Structure formats: C-alpha cells, structure tokens
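Colleague: kindly return the folded structure for what I paste below:
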Amino acid sequence: MIYLIEDDSDIVNLVSQELERFGHRVRAFRTGSQAEAGIRVQQPDVCIVDLGLPDMDGLSLVRDLTAKDNIGVMILSGRDSLPDRVLGLELGADDYVSKPFDPRELVARVNSIVRRLNKNAIQMIQRAPEADSTSQLARFDRWRYQPSTLTLTDDNNNEETVLSAGEAQLLMQLLKHPKVILSRDQLLKGQDEAFDRSIDVRMSRIRKKIEQNPRSPKLIKTVYGMGYMLATDVEWR
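Modeller: The predicted structure is shown next:
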C-alpha cells in the first residue's frame, strides 16, 4: 500500500494512475493530519510526501514517519534547494524527487524502496528461530492449510482440496512471508528451470482454488516487475 500525501489533485491523479498501472494500491491524503489518521488505522509500505502541505510542514511529517518501523518515505516536492534535499535525507527519507518529475521514474524509485524493505523483512524472518512448518497448520483468510498432507480446507464449508507438489511449494513460500513481495527467484528456492517456466501457471491454479474471483485476486497479488505477494495475515498453529 502506497500513501500519497499531496494537496495538488492533478499530481494525485497522475501519480496514482501510474502506480496503480504497475500493481500498487494507492490512498491519497490532502493533509498531513489526514495521513496521520490513516496510518493509525493501516500502516502503508511507502509514504510519498509533499513538503508544501496546507496544515503542516512536510519535513515534520517526514521526521515522524521515519521514526516508525518498516515505512519507506519518499519526498516529492517543488522545493528543490540543496538545504531542503539534504535535510530531508538526513531526517531519514529514502529518496527525494523534485517537481516536475517523470512518472515512470517515480514508480521505479518507489519499487526500489519496496524491494529494500522486503529484503530487510525477509532477512529478519530468516534470522528468527523457525519451527518445523510442515508439522503446523497455517490459517489465512477463510482457509486452513496443512503442509504435511498438502491439504487446503475452506472454513465456510469444510471442503478439502489437495494441492500438487508444485502448487504446495509456491504456497508455502507465500505463507512463510505474508505481505512481502517475493521475486521469482525467492519463490523458486533452488527449483530447476522447468519449474521456473511453469511458475505463472501454478500460481494461476492456486488462485483458482483460493480466490473468490481468480481474475481479480484479493489474496495473491501480482506486483508488476517485482513478483507476487500474499496480501493477508497468516497464523501458524
């Protein structure tokens, strides 16, 4: 999720459309206080902050955002002086983009921030002690998944579906890293080239089994040019 904190409606429309075209979800806020209220409800992956906000100095908002864990911050501003750029970066912003800007370059810079955050999240997960997940039950959305039997169970009707070995390998990677974008290499985890060629087919089959509308998936998201993400919490028991 990308939060765009900007009071210029033309820029909001331009940036939102370009980010959404490349698979990002975007929420726009016209003021800093609105953004702060939104963050208390749902924490975004990245905040794009205009420094010239109507209700507060954008640098103050940047300072507050960078004090939080796991939120990337990009400054998008017409203030292009060297002191502003240096101060913004010293406050902890991940990037500083001046107006006018190229929308495609802005998306590339956002993707770079997201990749870094995901890399950090995966490293933290890998450093943490890991239980034997094959002996545990994973719960996500309305589903229960038992890795030892490759079985998905629908909580709504208790119907069971058995996955293929290839489908199970992909689903396990997503379940181990919820809300983290995984590249094809991270999903493959040492599988051979033939598995690489079939990854999209297998992901489509998983979606047909767990999504209410596989053509408009809500659980397994494709992030253009980056990979796939399981967009829900997972509980292991």
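Colleague: any idea how far Y3 is from I48?
Modeller: Separation of Y3 from I48 (C-beta to C-beta, to the nearest Å): 7 Å. Any C-beta I mention is one placed from the backbone N, CA and C, and that applies to glycine too.
Colleague: could you do A231 as well?
Modeller: As for A231, its distance to I48 is 20 Å (criterion: C-beta to C-beta).
Colleague: which of those two has more neighbours?
Modeller: Taking neighbours as other C-beta atoms under 10 Å, A231 and I48 compare with I48 leading, 26 against 19.
Colleague: my guess is the more buried one is in a strand, correct?
Modeller: Yes: with DSSP: H, G, I helix; E, B strand; the rest coil as the criterion, I48 is located in a strand.
Colleague: how about the strands in this structure?
Modeller: Listed in chain order, the strands of the chain (DSSP state E) span 2-5, 26-29, 46-49, 72-77, 95-98, 138-140, 143-146, 151-154, 160-162, 220-223, 227-230, 235-236.
Colleague: tell me the most buried of the ones you listed?
Modeller: Most buried of the strands of the chain, by mean neighbour count (mean count of other C-beta atoms under 10 Å): strand 46-49, with a mean of 26.
Colleague: mind giving me the packing neighbours of it?
Modeller: strand 2-5, helix 32-41, helix 58-66, strand 72-77, helix 103-127 (3 or more C-beta pairs under 8 Å, 6 or more residues apart in numbering; DSSP states H and E).
Colleague: pLDDT of that strand, averaged?
Modeller: The pLDDT scores in strand 46-49 average 96.
Colleague: about what we covered before: S183 is nearest to which of the helices and strands packed on strand 46-49?
Modeller: Minimum separation from S183 across those (C-beta to C-beta) falls at helix 103-127, 8.4 Å.
Colleague: what angle separates the closest one from strand 72-77?
Modeller: Going by axes from the mean of the first three to the mean of the last three C-alpha atoms, to 10 degrees, helix 103-127 is angled at 160 degrees with respect to strand 72-77.
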